[in-house]
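Peer 1: only geometry, no sequence info:
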């Protein structure tokens, strides 16, 4: 398995508009977490202009498919998104 970072650049009105889509977005993320595909995720703060998801998957397609189906992306709360492979060299096992 590989790790991938999905990075969102958020619109300026993200905090004001996200409430409309938040439940659907969180359900999608929770489903991915339950399957083990999303390892962790969250928005950056001060300013809330980016969000980062860590995926564990065979390929970057899992992250791309997630982004394409995310209501935040589909409804314009995300300016742009990108996926990059992350070569993890140190990892704590729980």
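Peer 2: All right, it came through fine. Note that the structure is a prediction, hence the values are computed from the model and not measured.
Peer 1: so for stretch 78-87, mean pLDDT?
Peer 2: The average pLDDT for stretch 78-87 rounds to 98.
Peer 1: is it true that residue 7 touches residue 54?
Peer 2: No - using C-beta atoms under 8 Å, residue 7 is not in contact with residue 54, being 10.4 Å away. Glycine gets a C-beta too; all of them are placed from N, C-alpha and C.
Peer 1: strand partners of the host helix or strand of residue 4, parallel vs antiparallel please.
Peer 2: Assigned by DSSP states H and E, residue 4 falls within strand 2-10. As defined by DSSP bridges, the strand partners of strand 2-10 come to strand 50-57 (antiparallel), strand 78-86 (antiparallel).
Peer 1: most tightly packed of these?
Peer 2: strand 50-57 (a mean of 19; mean count of other C-beta atoms under 10 Å).
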